[in-house]
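Peer 1: my questions are about this predicted structure, shown below with the sequence.
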Amino acid sequence: MIVLYTTERDYPWGTLRSTHASKTKIVLEEKRIPYRIENLPPGHLWKKPPEMTAKHPLGKVPYILDGDLTIYDSTVIGEYLEDCYSWPALIPRTDPAARARVRMVEQFADEAILVGNLPPIWMPYWSDPDKRDKPRMEKGREGLRTRDLPYIEQLLADGADWICGDFSMADVPLMMVAMVLEVDQMPLDGFPRVARYLERLRGRRSYRAISPRTKVADATALSSL
Ligand SMILES: N[C@@H](CCC(=O)N[C@@H](CS)C(=O)NCC(=O)O)C(=O)O
């Protein structure tokens, strides 16, 4: 069984999870692959104990163990799972242009949002309300409003349910936008397609595994629902 190393913690304002490891959780859930969670203390992400750097040289999550094999980096793990578990396909099989489109949006969402504008909003929720850097949080929201959400709104322009045709690897990191904004409640005025899209993402069965309303103890393995 695959073991997913991640960081998750229950707070009064919702259950918070590593955004990148949540990508892996969604892929495992979408493909119905049996797994279990190994939940590392959030402090490991900066202390980086040797048992962690032995598995991931940068001491980050996620990494997975599949038998004797260790794989790190959410995008690489996603591609590995796609190679090993072909159904349902999350990357188009044959058309090179369609494959590139999915990977391009996945890369954009990862670099621009998960590494860029989401952490300034999300990291403060791991602290008490009076310790949060509010101007920094607002800067993250402004980055979403000015750069990222207009692009997502445009990608959804043809009224499609998902970002690249069928639900795909490109939608996976955008699930984390749905997760973070469910806690943050940032208004989405001016982005009606994004607002409806995030609701659709929250309606998928796999979202339960990362929902801020699902406690850590209730999402430690493949959902049986
Ligand atoms: N490119 C990596 C990024 C992973 C990442 O940055 N994970 C965060 C948690 S969401 C982390 O471990 N941060 C600790 C650090 O940056 O040292 C991936 O896709 O897995």
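Peer 2: That came through, no problem.

Peer 1: which residues in this structure form strands?
Peer 2: Listed in chain order, the strands of the chain (DSSP state E) span 2-6, 8-11, 14-17, 35-39, 63-66, 69-72.

Peer 1: most packed of the ones you listed?
Peer 2: Using mean count of other C-beta atoms under 10 Å, the stretch among these with the largest mean neighbour count is strand 14-17, at a mean of 22. Where C-beta positions appear, they are placed from N, C-alpha and C, glycine not excepted.

Peer 1: contacts for it?
Peer 2: Under the criterion C-beta atoms under 8 Å, 6 or more residues apart in numbering, residues 6-9, 25, 122, 125-126, 179, 182-183, 210-216 lie in contact with strand 14-17.

Peer 1: hmm, back to that, how about the strands of the chain, which one is nearest the ligand?
Peer 2: Each of the strands of the chain was scored for nearness to the ligand using C-beta to the nearest ligand atom, and the closest is strand 69-72 (6.6 Å).

Peer 1: hmm, who's touching that closest one?
Peer 2: Taking C-beta under 8 Å, 6+ apart as the criterion, the residues outside strand 69-72 that touch it are K55, H56, P57, L58, K60, P62, Y63, I64, I77, Y80.

Peer 1: in its sheet, what does that strand sit against?
Peer 2: strand 63-66 (antiparallel) (DSSP bridges).

Peer 1: any idea of the pLDDT on the residue sitting furthest away from the middle of the chain?
Peer 2: Note on the chain: the largest separation between a C-alpha and the mean C-alpha position, by C-alpha atoms, centre = their mean, falls on D130 (26.4 Å). What the model reports for D130 is a pLDDT of 97.

Peer 1: gap between it and P120?
Peer 2: As for D130, its distance to P120 is 18 Å (criterion: C-beta to C-beta, to the nearest Å).

Peer 1: one more: V76?
Peer 2: Note on V76: its distance to P120, by C-beta to C-beta, is 25 Å.

Peer 1: in terms of neighbours, single out the busier of the two.
Peer 2: For V76 and P120, the more surrounded residue by other C-beta atoms under 10 Å is P120, and the numbers stand at 19 against 12.

Peer 1: near the ligand, which residues of this structure?
Peer 2: With C-beta under 6 Å from any ligand atom as the criterion, the chain meets the ligand at residues S18, T19, H20, L45, G59, K60, V61, P62, D73, S74, T75.

Peer 1: tell me which of those residues fall in helices.
Peer 2: Taking DSSP state H as the definition of helices, these contribute T19, H20, L45, S74, T75.

Peer 1: ok, back up a step: weed out the non-buried ones from the contacts of strand 69-72.
Peer 2: For the contacts of strand 69-72, a neighbour count by 16 or more other C-beta atoms under 10 Å gives the buried set as K55, H56, K60, P62, Y63, I64, I77, Y80.

Peer 1: which residue packs closest to the last one, ignoring adjacent ones?
Peer 2: Pointing back at Y80 there. If you skip the residues right next to it in sequence, Y80 has I71 as its closest partner in space, 5.4 Å away by C-beta to C-beta, 6 or more residues apart in numbering.

Peer 1: and what of the fifth one?
Peer 2: Computed as C-beta to C-beta, 6+ apart, the closest residue to Y63 that is not its neighbour in sequence is Y72, at 3.9 Å.

Peer 1: and the contacts of strand 14-17, which are buried?
Peer 2: A residue is treated as buried here by neighbour count (16+ other C-beta under 10 Å); on that basis the buried members of these are 6-8, 25, 122, 125, 179, 182-183, 210-212, 214, 216.

Peer 1: of these, just say which sits nearest to the ligand.
Peer 2: T7 (6.7 Å).
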